[in-house]
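Mind folding the following:
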Amino acid sequence: METSKLSHSDRDEIRNLIIAVIDSSKDYLFGKKEQITISTLALLTGRHILLEDRPGMGKTTLVSYMAKILNLSTGRVQFTSDLLPSDIIGTSIFSSKEDQFKFRAGPIFNDLILADEINRAPPKTQSALLQAMEEKSIDIDNETYDLSSKFIVFATQNPFGQIGTYPLPESQLDRFGVKLDMGEMNFEQFDSLIQEENIREKINKIESRYTMTDIKYYLNVIEQIHFSSKISEYIFQLYQYTINNEEFVPLSIRACQDLKTLSQAYALLHKREFVVLDDIQYLFPYVCSHRISNSSQLNRKEEIKHARQVLDHVKTP
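Take a look at the predicted model:
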């Protein structure tokens with residue numbers, strides 16, 4: 001689509017929303033601008049998010065902030081070894097009054113699902129999210145139920161290898177559009193964090209004036225950002241490199257599509273009507289690191305290093 005057809009008012013509305021979410025985070029999440037930026041881009045483009053770090057590093061706080069500032073209804077699921085798929089999706093319960101089974105919806109019927117410590121549940125329970133993450137609908141008892149038009153899974157996980165964790169299967173990892181960690185902090189950020197004892201309470205009191213509309217609206221505008229054949233060729237070369245190198249898990253077409261759309265959103269944020277190679281290189285570790293690495297063998301830093309190896313070996317066109 002030609003860039004001349006791009007609605008400037010719609011484009012400015014989306015950019016202003018992203019900037020507002022980032023700027024407002026300063027009072028609640030110290031030094032996490034990068035994480036907020038990537039999370040916002042992912043949410044507006046309908047991409048699911050995986051956030052990995054050690055316990056107590058603020059993962060759930062970040063998710064709570066994103067939900068409150070964007071006025072998203074939230075369903076939280078604490079994943080544990082005894083969690084059942086029905087605890088996430090819901091179940092049919094017999095009503096003696098109506099003499100029939102009635103479906104009782106689970107927390108998945110919200111805009112944003114906080115799948116807290118997702119890798120503490122066994123693979124069977126994790127897989128309850130697969131259809132929902134792909135189709136925004138679920139099938140129960142021969143009935144199909146549509147989920148929210150803003151449906152997003154924002155999952156947190158502890159580093160693999162900690163007691164009681166299970167690896168996420170490749171099919172589920174590929175459904176997460178981006179993977180983040182909480183990052184390092186300097187003393188100033190550390191001091192601000194430990195001096196503030198009531199961050200969760202402050203976040204709960206947020207009265208946001210921002211409202212996230214249907215994701216299709218954002219995609220309609222974002223996908224008008226020009227994406228040249230030159231950029232497409234570069235992504236194809238990255239894709240081929242992972243296929244032809246046994247050191248990596250091959251990239252999926254879904255991953256390449258996520259990289260394209262997120263780079264368009266990133267370009268829009270930076271007041272450009274076209275994607276440049278730097279956008280792809282900046283986003284590649286977030287979008288692809290968890291997809292091309294064996295997460296059961298690499299920690300987060302090693303995953304990112306692994307992704308940068310691909311960028312280093314593939315020449316820019």
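
what's near enough to touch the closest residue to Pro107 other than its chain neighbours?
Among residues not flanking Pro107 along the chain, Gly75 sits closest, at 2.9 Å (Cβ to Cβ, 6 or more residues apart in numbering). In this view, the C-beta of every residue, glycine as well, is placed from N, C-alpha and C. Contacts here follow Cβ atoms under 8 Å, 6 or more residues apart in numbering; on that basis Gly75 touches Gly106, Pro107, Ile108, Phe109, Asn110, Leu112, Ile113, Leu114.

so of those residues, which ones are in strands?
Leu112, Ile113, Leu114 (DSSP state E).

Show me just the buried residues among these.
Neighbour-count burial (16 or more other Cβ atoms under 10 Å) is assigned, among those, to Leu112, Ile113, Leu114.

dump the residue contacts of Asp99.
By Cβ under 8 Å, 6+ apart, Asp99 has no neighbours at all.

re the thing from before, okay, buried residues for the helix or strand harbouring the residue nearest to Pro107 please.
In the assignment (DSSP states H and E), Gly75 maps to strand 74-78. Residues of strand 74-78 classed as buried under the neighbour-count rule (16+ other Cβ under 10 Å) are Thr74, Gly75, Arg76, Val77.

quick check, distance from that strand to the centre of its chain.
Between the centre of strand 74-78 and the centre of its chain there are 15 Å (Cα atoms, centre = their mean, to the nearest Å).

How about stretch 217-236?
Taking mean C-alpha positions (Cα atoms, centre = their mean), stretch 217-236 and its chain are 19 Å apart.

Just checking: what are the partner strands of the strand holding Gly75?
strand 112-116 (parallel) (DSSP bridges).

just how off-centre is the strand it pairs with within its chain?
On the basis of Cα atoms, centre = their mean, strand 112-116 sits 10 Å off its chain's mean C-alpha point.

low pLDDT regions in this structure?
For the chain, the stretches flagged by pLDDT under 70 are 1-6, 161, 193, 197, 295-297.

now the strands for it?
Along the chain, the segments classed as strands by DSSP E run 48-52, 74-78, 90-95, 100-105, 112-116, 137-140, 143-146, 152-157, 176-180.

Please export the C-alpha coordinates of the second one as PDB.
Spelled out, that is strand 74-78. Coordinates of each C-alpha in strand 74-78 appear next as PDB, following Å, rounded to 0.1, in the frame of the first residue of the first chain:
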ATOM      1  CA  THR A  74      -7.100  -8.900  33.000                       C
ATOM      2  CA  GLY A  75      -7.300 -12.600  33.900                       C
ATOM      3  CA  ARG A  76      -4.400 -13.900  36.000                       C
ATOM      4  CA  VAL A  77      -3.500 -17.500  36.100                       C
ATOM      5  CA  GLN A  78      -0.800 -18.700  38.500                       C
END
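
angle of it against strand 152-157?
Here strand 74-78 points in a direction 30 degrees away from that of strand 152-157 (axes from the mean of the first three to the mean of the last three Cα atoms, to 10 degrees).

same question, the third one
An angle of 110 degrees separates the directions of strand 90-95 and strand 152-157 when computed by the same axes, to 10 degrees.

buried sites along strand 90-95?
If you call a residue buried by 16+ other Cβ under 10 Å, then strand 90-95 has these buried ones: Gly90, Thr91.

now for that strand, which elements pack on it?
In terms of contacts (3 or more Cβ pairs under 8 Å, 6 or more residues apart in numbering; DSSP states H and E), strand 90-95 is packed against strand 100-105.

same question, the last one
Other helices and strands packing on strand 176-180, by 3+ Cβ pairs under 8 Å, 6+ apart, are helix 33-44, strand 48-52, helix 253-269, helix 277-292.

Just the CA trace of the first one, in PDB.
What it means is helix 33-44. Provided in PDB are the C-alpha atoms of helix 33-44 (Å, rounded to 0.1, in the frame of the first residue of the first chain):
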ATOM      1  CA  LYS A  33      11.800   2.100  28.900                       C
ATOM      2  CA  GLU A  34      13.000  -0.600  26.500                       C
ATOM      3  CA  GLN A  35      10.700  -3.200  28.000                       C
ATOM      4  CA  ILE A  36       7.700  -0.900  28.000                       C
ATOM      5  CA  THR A  37       8.400   0.100  24.400                       C
ATOM      6  CA  ILE A  38       8.600  -3.400  23.000                       C
ATOM      7  CA  SER A  39       5.600  -4.600  25.100                       C
ATOM      8  CA  THR A  40       3.500  -1.700  23.800                       C
ATOM      9  CA  LEU A  41       4.400  -2.400  20.200                       C
ATOM     10  CA  ALA A  42       3.600  -6.100  20.700                       C
ATOM     11  CA  LEU A  43       0.300  -5.400  22.300                       C
ATOM     12  CA  LEU A  44      -0.900  -3.000  19.600                       C
END
